[in-house]
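# for reference, the sequence and a predicted model appear below.
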Amino acid sequence: MKITTLKLSEDTKSRIERLREYKKESYDEILQKTMDIISLCKVNPMRAQSRLKALQIKQMRKNKQIIVNEKLRQKEINPNKLSQAEEKNINFLIANKKLR
């Protein structure tokens with residue numbers, strides 16, 4: 001497979017990075033996944049929508065873990081005992097974060 005270089009704006013690069021499902025996922029994998037969903041939209045929009053929802057759920061779980069890890073670093077919460085208020089706060093932060 002031949003490799004090429006693409007010029008991207010910082011904003012585009014940042015948006016692509018937010019689509020990562022795991023840390024070592026390459027830009028090629030992210031773009032392939034995105035193009036697969038776009039192609040699926042033409043053939044079966046409902047299935048494409050369900051794939052997008054599944055990706056969004058994974059992203060939300062990942063973001064929740066990042067928020068929890070950050071709070072742990074700050075020693076604000078016990079990982080085994082999240083209060084309902086802390087859980088609601090974390091879910092609120094995730095829900096209001098714009099995922100592009």
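Alright, I've got the coordinates.
# surely residue 28 forms part of a helix?
Yes - assigned with DSSP: H, G, I helix; E, B strand; the rest coil, residue 28 falls within a helix.
# what's the local residue count around it?
Around residue 28 there are 10 other residues, counting by other C-beta atoms under 10 Å. In this view, the C-beta of every residue, glycine as well, is placed from N, C-alpha and C.
# do you know how far it is from residue 34?
Noted for residue 28: a distance of 11 Å to residue 34, by C-beta to C-beta, to the nearest Å.
# how about low-confidence regions in the chain?
In the predicted model, the chain carries pLDDT under 70 at residues 66, 68-69, 71-87, 90-91, 93-100.
# quickly find the element holding the residue most central in space within it.
Nearest to the mean C-alpha position of the chain, counting by C-alpha atoms, centre = their mean, stands residue 59 at 3.1 Å. Counting by DSSP states H and E, the element that carries residue 59 is helix 45-73.
# any idea how far that helix is from the middle of the chain?
Its chain's C-alpha centre and that of helix 45-73 lie 5 Å apart, by C-alpha atoms, centre = their mean, to the nearest Å.
# tally of neighbours for residue 39?
Counted with other C-beta under 10 Å, the neighbours of residue 39 add up to 11.
# three-state assignment of it?
Look at residue 39: counting by three-state DSSP, its state is helix.
# how about it, what does it touch?
Not one residue lies near residue 39 by C-beta atoms under 8 Å, 6 or more residues apart in numbering.
# again, only using 10 Å
Counting by C-beta atoms under 10 Å, 6 or more residues apart in numbering, residue 39 makes contact with residue 48.
# relative to residue 14, how far out is it?
Applying C-beta to C-beta, the value for residue 39 to residue 14 is 24 Å.
# repeat that for residue 54.
Distance, residue 54 to residue 14, by C-beta to C-beta: 23 Å.
# if we can go back for a sec, elements contacting the helix holding residue 59?
Under the contact criterion of 3 or more C-beta pairs under 10 Å, 6 or more residues apart in numbering; DSSP states H and E, helix 45-73 touches helix 27-43, helix 84-96.
# buried set for the longest one?
When you say that, I think you mean helix 27-43. For helix 27-43, the neighbour count (16 or more other C-beta atoms under 10 Å) marks 30, 33, 40 as buried.
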